[in-house]
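Visitor: Here is a sequence with its predicted model. Questions after.
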Amino acid sequence: GAVVSQHPSWVICKSGTSVKIECRSLDFQATTMFWYRQFPKQSLMLMATSNEGSKATYEQGVEKDKFLINHASLTLSTLTVTSAHPEDSSFYICSARDRYQETQYFGPGTRLLVL
Amino acid sequence: DQQVKQNSPSLSVQEGRISILNCDYTNSMFDYFLWYKKYPAEGPTFLISISSIKDKNEDGRFTVFLNKSAKHLSLHIVPSQPGDSAVYFCAAKNAGGTSYGKLTFGQGTILTVHP
């Protein structure tokens, strides 16, 4: 149990385009989903927290207009990187937990490369 | 402000011996601690967790110890196997306030288990 999937697993796009990443909890209802970013050889950096049916809460320094997060259902959250630039190239990871658990379960990550 | 610290960037252990990974924290509002294992270009995999009301939790080869007075936790892997070679992250969860449910990660420790 507690499986989280992400799609796509990797994406290459041109500068200026928008990219959508999906995060799904496959066998539980995720009342809360989190989006992280990891730079090479660094730890995971929390970008935002989203609760189902409400607006995401962004961490300091993360532009909410650039990283659009939608958590419309208990099993799906999406992260859209708008007008992507090469500095947005990174490894994006989502996690999810339900209301009864303390543990966050992570997706496999999405590698984004902006040319 | 690094609230969760893993001071050893790497650890090398012989197969069959014990691996001890350490983690220190500064925020007394943390009430739940987790260890994750991560391979490059993959999402973290949950290993084991411990509530702040306990001082030990065991699951198979993995044991986590928590010393609240010292704000220190450790992960013991016995016996270590080559397949345990990965990056290990400790993470801590905030008990309440605006940071409720968020995980703060340490920098990670690279464990290498030699055959």
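Guide: Received, thanks.
Visitor: List phi and psi for B:Asp84.
Guide: phi -80, psi -10 (degrees, to the nearest 10).
Visitor: Tell me how many other residues surround the spatially closest residue to it that is not a sequence neighbour.
Guide: In this structure, B:Asp84 finds its nearest non-sequential neighbour in B:Val113, 5.1 Å apart by Cβ to Cβ, 6 or more residues apart in numbering or on different chains. Heads up, the C-betas are built off the backbone N, CA and C, glycines and all. Other residues lying near B:Val113 total 21 when counted by other Cβ atoms under 10 Å in any protein chain shown.
Visitor: Repeat that for A:Lys64.
Guide: 13.
Visitor: That one reaches A:Thr57, doesn't it?
Guide: No: in this structure A:Lys64 lies outside contact range of A:Thr57 using Cβ atoms under 8 Å: 9.3 Å.
Visitor: got the contact list for the residue of chain A found nearest chain B?
Guide: Nearest residue of chain A to chain B (Cβ to the nearest Cβ) works out as A:Phe106 at 3.8 Å. A:Phe106 sits next to A:Val4, A:Ile93, A:Cys94, A:Ser95, B:Tyr36, B:Gly43, B:Pro44, B:Thr45, B:Phe46 when contact means Cβ atoms under 8 Å, 6 or more residues apart in numbering or on different chains.
Visitor: Spell out the secondary structure type for the residue nearest to it when sequence neighbours are not counted.
Guide: The shortest distance from A:Phe106 to any non-neighbouring residue, by Cβ to Cβ, 6+ apart, is to B:Gly43 (3.8 Å). Of the three states, B:Gly43 takes coil under DSSP: H, G, I helix; E, B strand; the rest coil.
Visitor: Near chain A, which residues of chain B are found?
Guide: Selection of chain B residues close to chain A by Cβ under 8 Å from any Cβ of the partner chain yields B:32, B:34, B:36, B:41-46, B:49, B:51, B:89, B:93, B:98, B:101-108.
Visitor: and stretch A:108-115, which residues are buried?
Guide: A:Pro108, A:Gly109, A:Thr110, A:Leu112, A:Val114 (16 or more other Cβ atoms under 10 Å in any protein chain shown).
Visitor: cool, and stretch A:65-83?
Guide: Neighbour count says stretch A:65-83 has A:Phe67, A:Leu68, A:Ile69, A:His71, A:Leu74, A:Thr75, A:Leu76, A:Ser77, A:Thr78, A:Leu79, A:Val81 buried, by 16+ other Cβ under 10 Å.
Visitor: Please report how far the second one lies from A:Leu113.
Guide: Put plainly, it is A:Leu68. 20 Å (Cβ to Cβ, to the nearest Å).
Visitor: Fine, thanks again, bye for now.
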